[in-house]
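[1] mind folding the following:
(one chain, ligands or ions: 1)
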Amino acid sequence: MKNLSTILQVAFTEAIKNAPFYNVILERFLPAEITQSSSLSFGHYQCNSILKIAQFLKISPKEIATSVLCCLDKNLERMTQSIEITSPGFINVSFSASFLAEQVKESLKDARLGVEIPIQREKVIVEFSSPNIAKELHVGHLRSTIIGDSIARLLEFLEYPVLRLNHIGDWGTQFGMLIAYLKEKEATQSYNLPSLMQSYQRAKQEFDLHEEFKKRAQQEVIALQNQDPNSLAIWEKICEASQKAYQEIYDLLDIKLAERGESFYKDQLPYIVQDLENKGLIQVSNGAKCLFFEEFKGKDGLPLPIIVQKSDGGYNYSTTDIAAMRHRIQEEKASRIIVVTDSGQTLHFQMIYRAAVAAGYLDPKKVRFDHVIFGVVLSPEGKKFKTREGSTEKLIDLIFKAIAEAKVILQQRISGLSLEELDAMSKDLGIDAIKYADLSCHRQKDYTFSYEKMLRFDGNTAPYLLYSFVRIQGIKRRVKKETCSLLRTTTIILDHPTEVALALHLRQFGEALFAMARDLLPNRLADYLYHLAEKFHAFFRDCRVEGNKLEDSRLLLCELTGRILEKGLSILGLKTLHKM
Ligand code: ARG
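    This is a model prediction of the structure:
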């Protein structure tokens with residue numbers, strides 16, 4: 001099915017083309033710009049192109065609007081209740097209740113719930129989570145994981161080929177220290193992440209205190225880079241232990257990710273540096289091979305380097321990122337690359353993008369690169385998120401705490417749950433609350449983590465949305481009518497204004513998804529779902545369902561609301577509950 005805005009866009013574009021004033025110069029104003037009206041007093045949608053064309057042609061907007069209306073496809077008359085010219089030169093359109101009713105029915109028959117899919121769907125890489133080996137995931141990685149997953153889920157629903165990549169920090173000089181330490185002190189032990197983190201801290205102390213150890217650590221870096229079997233074996237054990245800990249979190253959060261860490265690109269690094277050199281992009285500065293671009297200057301006004309090879313021959317974080325960019329475009333054939341990290345890496349990725357363009361790896365006309373950034377996580381007191389002991393809170397503890405809090409709430413609300421049921425529901429509710437609290441904020445803003453707020457049953461929270469879904473399931477359980485047969489026998493009638501408003505909003509699901517895909521802002525979808533729940537509650541307040549003569553019609557409205565809520569929540573990575 002076509003989104004309502006698409007139906008209007010096609011119709012208005014055609015009308016403008018067919019209008020007597022049209023000539024090819026006006027092509028720049030096409031396709032027609034259609035937006036949802038900000039308030040129902042301006043109709044459901046508005047066409048904004050008239051004013052621009054009028055200004056350009058120096059003809060009165062009213063005249064332009066009138067001739068566009070004359071050329072508008074007559075089929076629109078059947079669908080709409082009003083099409084009006086308003087000053088200074090907008091055209092406002094409202095769909096008719098009967099058309100919206102038909103559309104609700106069509107959407108229920110459509111496996112995609114009435115959401116059209118984009119015509120061109122190129123391969124997309126979404127890189128997210130990307131923690132560093134031998135360190136626990138922290139709350140910043142949580143944001144990357146949750147935001148990245150929702151973007152991937154959205155693009156998958158819109159039927160793009162999506163490759164989800166975890167760019168784990170598993171290669172680099174820090175491993176020299178750790179391997180040297182493990183070889184000397186704890187060669188026989190089996191590793192797990194907490195013990196590795198301790199070893200890492202001790203190794204760092206040794207490194208800072210003892211010159212001898214420092215030398216051995218540096219030799220280990222070289223040994224590892226030369227793929228010495230002993231060093232490689234320890235490195236592999238370190239990676240395995242870390243990955244096991246990460247996997248536990250991904251399983252808990254229901255996140256699928258292909259692992260492709262920094263080490264994946266290690267053999268390509270010499271080639272990349274050579275290639276950059278051949279292309280005349282390298283300048284040597286203090287023995288290091290660097291790229292310089294005019295637009296990147298430090299505070300002191302001096303040009304900032306991208307160091308791709310240090311004076312000791314080692315490669316950098318940037319070298320790997322340039323290699324990754326090339327690989328993703330040339331080998332993976334991605335047309336869109338999305339990387340999700342905290343906003344601290346903005347400059348880094350601007351420089352990488354610039355380098356990839358200069359090297360000819362990335363043609364901006366063919367490949368779109370999006371660095372999806374997010375702000376820091378704050379404690380309820382508005383400080384940077386720390387535990388009482390002052391260390392950054394471990395992610396897994398945070399998740400378990402939310403689950404525990406959810407359990408208390410569920411125990412208070414529902415009696416007679418079996419233990420297994422309670423555990424399963426607490427897990428879903430706790431994790432939903434964490435995910436939704438994050439996704440419903442504008443990602444670029446800092447976000448305040450509060451168990452109390454995220455688990456509230458009112459306001460823009462996961463429990464509020466889940467509760468709306470549960471209410472719908474309750475109605476369905478009581479009435480016991482099959483949607484399939486209702487669809488065969490029922491004509492939907494939208495009687496009350498809140499019913500029309502709900503039906504219109506249900507048909508705008510696809511537009512919310514397009515907005516999220518365009519801006520890569522999950523809060524666009526969260527806002528849509530929050531308004532959907534609000535509109536549903538208004539309908540439920542004003543329109544009796546059970547026992548009313550419009551019971552069947554209203555049940556179908558409830559059904560579509562339930563399905564869209566469930567699908568929308570699942571795109572954000574949330575699971576629905578059936579009781580609350
Ligand atoms: N490992 C990095 C960190 O924890 C994030 C990696 C981001 N991705 C990239 N391609 N550099 O900060």
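
[2] ok, for K394, nearest residue in space, not its chain neighbours?
    Among residues not flanking K394 along the chain, E136 sits closest, at 5.1 Å (Cβ to Cβ, 6 or more residues apart in numbering). Where you see a C-beta, it was placed from the backbone N, CA and C, and this is true even at glycine.

[3] so who does the one you found touch?
    Taking Cβ atoms under 8 Å, 6 or more residues apart in numbering, we find E136 in contact with 193, 197, 245, 394-396.

[4] would you list the phi and psi of it?
    phi -70, psi 150 (degrees, to the nearest 10).

[5] please report how far it lies from I249.
    Using Cβ to Cβ, to the nearest Å, we find E136 at a distance of 9 Å from I249.

[6] tell me how many other residues crowd G301.
    G301: 6 surrounding residues under other Cβ atoms under 10 Å.

[7] then E452?
    For E452, using other Cβ under 10 Å, the count is 8.

[8] does it count as helix, strand or coil?
    helix (DSSP: H, G, I helix; E, B strand; the rest coil).

[9] and for L69?
    L69 - assigned by three-state DSSP - is helix.

[10] does stretch 238-247 come close to the ligand?
    No - Stretch 238-247 lies apart from the ligand when judged by Cβ under 6 Å from any ligand atom; the minimum separation is 11.8 Å.

[11] can I get that stretch in PDB? Just the C-alpha atoms.
    Only the C-alpha atoms of stretch 238-247 are listed here, as PDB (Å, rounded to 0.1, in the frame of the first residue of the first chain):
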ATOM      1  CA  ILE A 238      41.700 -13.100  25.600                       C
ATOM      2  CA  CYS A 239      39.400 -12.400  22.800                       C
ATOM      3  CA  GLU A 240      37.400 -15.600  23.400                       C
ATOM      4  CA  ALA A 241      36.900 -14.800  27.100                       C
ATOM      5  CA  SER A 242      35.700 -11.200  26.300                       C
ATOM      6  CA  GLN A 243      33.400 -12.300  23.500                       C
ATOM      7  CA  LYS A 244      31.700 -14.800  25.900                       C
ATOM      8  CA  ALA A 245      30.900 -12.000  28.300                       C
ATOM      9  CA  TYR A 246      29.600  -9.800  25.500                       C
ATOM     10  CA  GLN A 247      27.500 -12.500  24.000                       C
END
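
[12] ok, and what's touching it?
    129, 131, 133-137, 168, 170, 175, 178-179, 182, 191-193, 196, 259, 261, 263, 396.

[13] buried residues in that stretch, which are they?
    Within stretch 238-247, the residues that count as buried by 16 or more other Cβ atoms under 10 Å are 238-239, 241-243, 245-246.

[14] again, but for stretch 287-297
    Buried-residue list, stretch 287-297, by 16+ other Cβ under 10 Å: 288-293.

[15] average model confidence for it?
    Mean per-residue pLDDT for stretch 287-297: 96.

[16] take it, keep the C-alpha atoms, and write them as CSV.
    C-alpha atoms of stretch 287-297 as CSV (Å, rounded to 0.1, in the frame of the first residue of the first chain):
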residue,chain,number,x,y,z
GLY,A,287,58.8,10.1,11.3
ALA,A,288,55.1,9.2,11.1
LYS,A,289,53.2,8.8,7.9
CYS,A,290,50.3,11.2,8.0
LEU,A,291,47.4,12.7,5.9
PHE,A,292,46.6,16.3,6.2
PHE,A,293,43.5,18.1,5.0
GLU,A,294,43.0,21.8,5.1
GLU,A,295,39.7,21.8,6.9
PHE,A,296,41.0,20.0,10.0
LYS,A,297,43.0,22.3,12.2
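
[17] how far away is the residue nearest to K394 from I396?
    From E136 to I396 the distance is 8 Å (Cβ to Cβ).

[18] re earlier: quick one: common contacting residues for E136 and I249?
    In contact with both E136 and I249: 395-396, using Cβ under 8 Å, 6+ apart.

[19] before we move on, back to that, redo the buried residues of stretch 238-247 as CSV? Include pLDDT.
    Below are those laid out as CSV (pLDDT from 0 to 100):
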residue, pLDDT
I238, 91
C239, 93
A241, 91
S242, 91
Q243, 93
A245, 91
Y246, 93
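
[20] closest to the ligand among the contacts of E136?
    Proximity of the contacts of E136 to the ligand (Cβ to the nearest ligand atom) peaks at L395, which lies at 12.4 Å.

[21] the spatially closest residue to the closest one that is not a sequence neighbour: how many residues sit nearby?
    The spatially closest residue to L395, leaving aside those adjacent along the chain, is L137, at 4.4 Å (Cβ to Cβ, 6+ apart). Neighbour count for L137, taken as other Cβ under 10 Å: 23.

[22] ok, and L137, which helix or strand is that part of?
    Using DSSP states H and E, L137 maps to neither a helix nor a strand.

[23] so for it, what's the pLDDT?
    83.

[24] that one: what's it in contact with?
    Contacts of L137 (Cβ under 8 Å, 6+ apart): 129, 131, 145, 245-246, 249, 394-396.

[25] check whether the most centrally placed residue in the chain sits in a helix, strand or coil.
    Central residue of the chain (Cα atoms, centre = their mean): I151, 2.9 Å from the mean position. Secondary structure assignment for I151 (three-state DSSP): helix.

[26] how near is it to the ligand?
    15 Å (Cβ to the nearest ligand atom, to the nearest Å).

[27] run through the residues that contact that residue.
    Contacts of I151 by Cβ under 8 Å, 6+ apart are 126, 128, 338, 340, 372, 520, 522.

[28] can you give me the end-to-end span of stretch 329-339?
    Counting by Cα to Cα, to the nearest Å, you get 14 Å between the two ends of stretch 329-339.

[29] could you count how many residues lie near the residue in the stretch 301-450 of the chain that the ligand sits nearest to?
    Using Cβ to the nearest ligand atom, the closest approach of the stretch 301-450 of the chain to the ligand is made by T341 at 4.6 Å. A total of 24 residues lie near T341 under the criterion other Cβ under 10 Å.

[30] so it sits in a helix?
    No - using three-state DSSP, the assignment for T341 is strand, not a helix.

[31] show the pLDDT at Q227.
    So, for Q227, pLDDT stands at 88.

[32] secondary structure element holding C290?
    strand 288-297.

[33] and the next element down the chain from that strand?
    Downstream of strand 288-297 (by DSSP H and E), the next one is strand 303-309.

[34] make a ChimeraX selection of the buried ones in the contacts of stretch 238-247.
    The buried residues among the contacts of stretch 238-247 can be selected in ChimeraX (16+ other Cβ under 10 Å) with this line:
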select :129,131,133,134,135,136,137,168,170,175,178,179,182,191,193,196,259,261,263,396
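
[35] among the contacts of stretch 238-247, which are located in strands?
    Judged by DSSP state E, the contacts of stretch 238-247 include E259 as members of strands.

[36] elements contacting the strand holding C290?
    Counting by 3 or more Cβ pairs under 8 Å, 6 or more residues apart in numbering; DSSP states H and E, the packing neighbours recorded for strand 288-297 are helix 269-278, strand 283-285, strand 303-309, helix 346-358.

[37] would you tell me which one of the ones you listed is buried the most?
    Highest mean neighbour count of the helices and strands packed on strand 288-297: strand 303-309, a mean of 20 (counted as mean count of other Cβ atoms under 10 Å).

[38] interface residues of the stretch 1-150 of the chain facing the ligand?
    Within the stretch 1-150 of the chain, the positions near the ligand by Cβ under 6 Å from any ligand atom are 127, 130-132.

[39] which one of those sits in the busiest neighbourhood?
    P131 (25 neighbours).
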